[in-house]
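Peer 1: could you look at this predicted model? Sequence included:
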Number of protein chains: 2
Amino acid sequence: MSLLVVGSVAFDNVRTPHGEAAEILGGAATYFSVAASWFTPVRVVAVVGEDFAETHLQVFRDRGIDTTGLERAAGRTFRWRGEYTGDMNEARTIETQLNVFEAFAPRIPAAYLESEYVFLGNIDPVLQFHVRQQLPRARLVALDSMNYWITGKLDDLKRTLAAVDVLVINEGEAKMLSGHSNLKRAATTIRELGPQTLVFKRGEYGATLFTQDSVFSAPAFPLDMVKDPTGAGDTFAGGFMGQLAKTGDLSEANLRRALDRMRPVLARLAGA
Amino acid sequence: MSLLVVGSVAFDNVRTPHGEAAEILGGAATYFSVAASWFTPVRVVAVVGEDFAETHLQVFRDRGIDTTGLERAAGRTFRWRGEYTGDMNEARTIETQLNVFEAFAPRIPAAYLESEYVFLGNIDPVLQFHVRQQLPRARLVALDSMNYWITGKLDDLKRTLAAVDVLVINEGEAKMLSGHSNLKRAATTIRELGPQTLVFKRGEYGATLFTQDSVFSAPAFPLDMVKDPTGAGDTFAGGFMGQLAKTGDLSEANLRRALDRMRPVLARLAGA
């Protein structure tokens, strides 16, 4: 079944201890949709600028991703410049240029409206809520968010959380959102806000799934070297949601399977 | 088969966000031997002072632990005073009184000399090496150590490492010992120093086993509350070694089983 993703498409400038890369195609929606496309047909809603070339579009087309919802606006594509140092567990943002993203108001193409599986990438919770409202037939809606929105737009985020089924979020942000440093208590508190299924991304340690009745952890494979962890969390979410959309099976067993088969990707998450 | 442990027996004074406990029986050898005693007969080599009462000895006897090697010396028992704050991932040592431990020279009783399974608890690597030399018939010798010895007695620690089969150590200390922040590289480097089987304790995330050919991770069960993580690492090691000594099976599959069945204990390790 089709999987719809709303999020950022960006050009990244990344420096790591292993080197530098300039103006490379990135953004949550890009990483998510490419990963998910190995499992199921994917539809993307995002905005790009006039500098978004045919070669960039081809990355999506090569994976059979439906780009009807990829809006082209006047101006430059969203840009992120970041750096990883030391154990590469966290990126330091050097510069963010919102560009066309500043006025982004996601429009869902008519052909997308019956989408049953939806991933609301990490964007303004007001926009996430707006998208959620346009997709009343969705069977499973998952959400990502981050410290920036938890601190700056908590009420909007809570309204959005109340309207989704799954939260896929970094462990540290789950603790921040819930106010609990204990992960199990954090899960209980967040589940009271709405989403009944939680996936906490724990960097090089893997991911942990909390549902009504159980807890399931998938450790990550340790890797010899991590060159660049950018997009690892979205890549993971793409595989997880891709497996669910492909099978249409929302059983506990399949949720675990979706988490477990993404282990190699999880290993990229933290960069240790 | 019998399992021999050499290490500290102590009285602990512990403060956590949940309360305080004064003069409670602790020490690596205590936690290890009590945990291991659920799997296999255990023999303990340690030193206690004149303040070590019959009730304390009874803790070992109640678990059928052989205390022939529990030496009683003139003076007071080793004391540790520590505190856990915040996420309780690490203890802050407030005070250490070595007392009888200062002059501890482990003597292996004649009846222990044929021990095949040995755990060298976290004490001076010079003493660990001395014990190792007295047990030529050991089939499997495991070692714990810590930052204090890595920084202060690295050459002695390396000599001891060259003479053991298994290293059970905290992840952070493995990175310190190897000089690598990447866990897989840390494992490769440490295995070159001697022990071919490595168990890295990763706090609330669980533990990861590195052998010649493979990597195996056992995530920890998240707990609602952790009152006091003191001794969790030694308790874990006791269960791990207990399973190996009980079965006499050093296959990869049984190493994994030994790690995996200790998951509930692992959850105590970090206190999150």
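Peer 2: Here it is on my side, so go on.
Peer 1: what about the residue of the stretch 1-150 of chain A found nearest chain B, distance to residue B:207?
Peer 2: Nearest residue of the stretch 1-150 of chain A to chain B (C-beta to the nearest C-beta) works out as residue A:87 at 4.5 Å. Just so you know, the C-beta spots here come from the backbone N, C-alpha and C atoms, and that holds for glycine as well. Plainly put, residue A:87 is 19 Å away from residue B:207 if you go by C-beta to C-beta, to the nearest Å.
Peer 1: which one of the two is surrounded by more residues?
Peer 2: residue B:207 (29 against 17; other C-beta atoms under 10 Å in any protein chain shown).
Peer 1: where's that one relative to residue B:29, distance?
Peer 2: Distance from residue B:207 to residue B:29, by C-beta to C-beta: 20 Å.
Peer 1: so who does the spatially closest residue to residue A:180 that is not a sequence neighbour touch?
Peer 2: What sits nearest to residue A:180 in space, not counting adjacent residues and going by C-beta to C-beta, 6 or more residues apart in numbering or on different chains, is residue A:186, at 4.3 Å. For residue A:186, the contacting residues are A:174, A:175, A:177, A:178, A:180, A:200, by C-beta atoms under 8 Å, 6 or more residues apart in numbering or on different chains.
Peer 1: following element in sequence after the helix or strand harbouring residue A:186, please.
Peer 2: Assigning secondary structure by DSSP states H and E places residue A:186 in helix A:183-193. Sequence-wise, the next helix or strand downstream of helix A:183-193 (DSSP H and E) is strand A:197-201.
Peer 1: which strands and helices sit next to that next one?
Peer 2: Judged by 3 or more C-beta pairs under 8 Å, 6 or more residues apart in numbering or on different chains; DSSP states H and E, the packing partners of strand A:197-201 are strand A:166-170, helix A:171-178, helix A:183-193, strand A:207-210, helix A:232-247.
Peer 1: can you list contacts of stretch A:159-175?
Peer 2: Contacts of stretch A:159-175 (C-beta under 8 Å, 6+ apart): A:120, A:125, A:128-129, A:132-133, A:140-147, A:150, A:177, A:181, A:183, A:186-187, A:190, A:193-203, A:208, A:233, A:236-237, A:240.
Peer 1: give the buried residues for that stretch.
Peer 2: Using 16 or more other C-beta atoms under 10 Å in any protein chain shown as the test for burial, stretch A:159-175 gives A:159-161, A:163-175.
Peer 1: so which one among the contacts of residue A:186 has the lowest pLDDT?
Peer 2: The lowest pLDDT within the contacts of residue A:186 belongs to residue A:180, with 93.
Peer 1: so that residue sits against residue A:192, correct?
Peer 2: No. The criterion here is C-beta atoms under 8 Å, and residue A:180 misses it with residue A:192 at 11.7 Å.
Peer 1: which of those two has more neighbours?
Peer 2: Neighbour count, other C-beta under 10 Å: between residue A:180 and residue A:192, residue A:180 has more, with 17 against 10.
Peer 1: which SS class is that one?
Peer 2: Classification of residue A:180 by DSSP: H, G, I helix; E, B strand; the rest coil places it in coil.
Peer 1: for it, give its distance to residue A:188.
Peer 2: With distances taken as C-beta to C-beta, residue A:180 is found 8 Å from residue A:188.
Peer 1: cool, and residue A:14?
Peer 2: Going from residue A:14 to residue A:188 by C-beta to C-beta gives 36 Å.
Peer 1: between these two, which one's more packed in?
Peer 2: Neighbours were counted for residue A:14 and for residue A:188 using other C-beta under 10 Å; residue A:14 has more, 22 against 15.
Peer 1: list the contacts of that one.
Peer 2: Contacts of residue A:14 (C-beta under 8 Å, 6+ apart): A:20, A:21, A:24, A:26, A:81, A:82, A:83, A:84, A:228, A:230.
Peer 1: can I assume the first one sits in a strand?
Peer 2: Yes. Counting by three-state DSSP, residue A:20 is found in a strand.
Peer 1: just the strands in the stretch 51-200 of chain A please.
Peer 2: For the stretch 51-200 of chain A, applying DSSP state E, counting those that start in this stretch gives strands covering A:66-72, A:79-84, A:91-97, A:117-120, A:140-143, A:166-170, A:197-201.
Peer 1: for the third one, what is the average pLDDT?
Peer 2: In other words, strand A:91-97. 92.
Peer 1: please apply the same query to the first one.
Peer 2: When pLDDT is averaged over strand A:66-72, the result is 97.
Peer 1: same question for the fifth one.
Peer 2: Here the mean pLDDT over strand A:140-143 is 98, rounded to a whole number.
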